[in-house]
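Undergrad: structure, please.
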Amino acid sequence: MEAAQLGSFLDTAVGELSGGLRHAATLACVLHVAPNALLLDEPASDLDTSRKDALWRVLTEASKSLEFLIMASHEKDMPAFLQKRVTLVDGRIL
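TA: This is a model prediction of the structure:
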């Protein structure tokens with residue numbers, strides 16, 4: 001939770017968190033059970049720059065033990081841990 005910068009929200013009800021923090025908290029719970037794979041849809045949406053950077057650090061570390069990670073995102077600056085990328089523009093693969 002600290003790595004994802006959520007430690008200060010441990011006593012906060014999920015319904016009181018912003019949308020971005022809810023996403024981050026959900027991901028922290030999922031990563032706690034050490035999954036083999038992740039399918040993420042816009043994991044950095046609604047996060048400020050600081051928390052987005054923290055999320056990329058958490059996912060970079062988590063990706064080391066994953067068999068695969070599939071992520072949909074509109075982020076232009078994707079983290080380096082993503083080894084293969086597919087870019088779609090107007091329904092076409094570039």
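Undergrad: mind listing what the residue most central in space within the chain touches?
TA: Central residue of the chain (Cα atoms, centre = their mean): residue 43, 3.9 Å from the mean position. Going by Cβ atoms under 8 Å, 6 or more residues apart in numbering, residue 43 touches 23, 27, 55, 59, 71, 73. No exception for glycine: its C-beta is placed from N, CA and C like everyone else's.
Undergrad: mind running it again at 7 Å?
TA: 23, 27, 55, 71 (Cβ atoms under 7 Å, 6 or more residues apart in numbering).
Undergrad: elements contacting the helix or strand in which residue 58 is found?
TA: If you go by DSSP states H and E, residue 58 is part of helix 49-63. Under the contact criterion of 3 or more Cβ pairs under 7 Å, 6 or more residues apart in numbering; DSSP states H and E, helix 49-63 touches helix 19-32.
Undergrad: quick one: average pLDDT of the helix holding residue 58?
TA: Taken as a whole, helix 49-63 has an average pLDDT of 86.
Undergrad: in the chain, what helix or strand scores lowest on average pLDDT?
TA: The weakest-scoring helix or strand in the chain, judged by mean pLDDT, DSSP states H and E, is helix 19-32 (a mean of 80).
Undergrad: now that helix: buried residues?
TA: Buried residues in helix 19-32, counted by 16 or more other Cβ atoms under 10 Å: 20, 21, 23, 24, 25, 27, 28, 31.
Undergrad: for the residues you listed, which one is nearest residue 77?
TA: Set against residue 77, the nearest of these by Cβ to Cβ is residue 20 (16.9 Å).
Undergrad: ok, residue 38 - contacts?
TA: 66, 69.
Undergrad: mind doing that once more with 10 Å?
TA: Each residue near residue 38 by Cβ atoms under 10 Å, 6 or more residues apart in numbering is listed here: 27, 30, 31, 59, 62, 63, 66, 67, 68, 69, 70, 71.
Undergrad: looking at those, state which has the most neighbours.
TA: residue 59 (22 neighbours; other Cβ atoms under 10 Å).
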